[in-house]
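Peer 1: quick one, fold the following:
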Amino acid sequence: THAVHFAAMAGSDLVPYVNTWLWPSFTLVGTSSLMFGIYIGKITNSHEWKEIFLDYCHHKRTTHSPNPLDKVARTVLNLLKISPK
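Peer 2: Below is the predicted model of the structure:
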């Protein structure tokens with residue numbers, strides 16, 4: 001019966017059962033866990049990278065388009081830095 005099964009399979013275009021949910025699920029859970037761990041700072045010091053990126057963006061914005069609103073925003077941010085949390 002095994003040989004008959006393979007002979008019938010050879011003639012058809014059907015693929016035998018392939019597990020299509022296990023490894024994609026593991027990959028999704030693994031990458032999600034990794035990204036969440038990086039986000040909360042348990043795997044890398046992501047908060048430092050966020051600060052560097054924000055400082056860089058702020059520098060570029062104020063260098064290329066200085067305007068009165070940026071001056072107001074800098075004043076507010078400086079007040080927030082010195083205010084107690």
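
Peer 1: where's the residue nearest in space to the middle of the chain, which helix or strand?
Peer 2: For the chain, the residue nearest the mean C-alpha position is Met35 (5.2 Å; CA atoms, centre = their mean). Per DSSP states H and E: Met35 is located in helix 22-40.

Peer 1: and that helix, average pLDDT?
Peer 2: Here helix 22-40 scores 89 as its mean pLDDT.

Peer 1: quick one: it to chain centroid distance?
Peer 2: Relative to its parent chain, helix 22-40 has a centroid offset of 10 Å by CA atoms, centre = their mean, to the nearest Å.

Peer 1: got it, and stretch 35-43?
Peer 2: The chain centre lies 10 Å from the centre of stretch 35-43; the measure is CA atoms, centre = their mean.

Peer 1: what comes up buried for that stretch?
Peer 2: Of the residues in stretch 35-43, none count as buried by neighbour count, 16 or more other CB atoms under 10 Å. C-beta coordinates here come from the backbone N, C-alpha and C atoms, glycine included.

Peer 1: Leu14: what secondary structure?
Peer 2: coil (DSSP: H, G, I helix; E, B strand; the rest coil).
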